[in-house]
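Trainee: sequence-free structure coming up:
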């Protein structure tokens, strides 16, 4: 009986020691969404509210907001730059917070003392589209690389 136990243990050790180690080619997954959103400054160039482009309607989008830019940093800081045409009483930039949520399908951000969520419709190297609710209507905000 001792010989059977001894040979069983020896066989296990031999098989374990001979286990083939397969090299893995797996690299850490690149955080594509983070790289795309944080690699440059963004500017808004169109705002569609219920299918209507309101970007050029001054009663809705002030002229002083049209040259504003936004920078999403990896450390969850969102900087809003007023640039040349500063809205009255405003500062030239403001630091706020942002982060991805729901598996990187949405963004939650604080901007102008409001926290809101936007669904990422598209995000590539040069453009981003966020679905939001503006004036109680479904809307899409279009950003492009500055």
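Mentor: Okay, I see it. Being a predicted model, the structure only gives us computed values, none of them experimental. Residues are numbered from 1 along each chain as shown.
Trainee: can you pull out the helices in the protein?
Mentor: 2-17, 32-38 (DSSP state H).
Trainee: which of those helices has the lowest average pLDDT?
Mentor: Comparing mean pLDDT across those, the weakest is helix 2-17, with a mean of 54.
Trainee: Touching, residue 143 and residue 41? I think so.
Mentor: No - using CB atoms under 8 Å, residue 143 is not in contact with residue 41; the gap is 9.8 Å. In short, each C-beta sits where N, CA and C put it, glycine included.
Trainee: between the two, which one's more packed in?
Mentor: For residue 143 versus residue 41, the count of surrounding residues by other CB atoms under 10 Å is larger for residue 143: 21 against 14.
Trainee: quick revisit: identify the contacts common to residue 143 and residue 41.
Mentor: Common contacts of residue 143 and residue 41, defined by CB atoms under 8 Å, 6 or more residues apart in numbering, comprise residue 70.
Trainee: For burial, what's the neighbour tally of residue 40?
Mentor: Neighbours of residue 40 under the rule other CB under 10 Å: 14.
Trainee: Same question for the one 3 residues further on.
Mentor: Residue 43 is surrounded by 16 other residues when neighbours are defined as other CB under 10 Å.
Trainee: quick one: it and residue 142 touch, right?
Mentor: No - if you go by CB under 8 Å, residue 43 and residue 142 don't touch, sitting 9.7 Å apart.
Trainee: so what sits against both of these two?
Mentor: Between them, residue 43 and residue 142 share no contacting residue under CB under 8 Å, 6+ apart.
Trainee: Now the terminal residues of stretch 99-109, how far apart.
Mentor: Stretch 99-109 has an end-to-end distance of 7 Å (criterion: CA to CA, to the nearest Å).
Trainee: quick one: contacts of that stretch?
Mentor: Contacting residues not belonging to stretch 99-109 are listed as 33-34, 76, 78, 96-98, 115-120, 130 [CB under 8 Å, 6+ apart].
Trainee: which one of those sits closest to residue 48?
Mentor: residue 130 (11.0 Å; CB to CB).
Trainee: how many other residues sit next to the closest residue to the closest one other than its chain neighbours?
Mentor: Take residue 130 and drop its neighbours on the chain: the residue closest to it by CB to CB, 6 or more residues apart in numbering is residue 118, 3.6 Å away. The number of residues packed near residue 118 is 19, by other CB under 10 Å.
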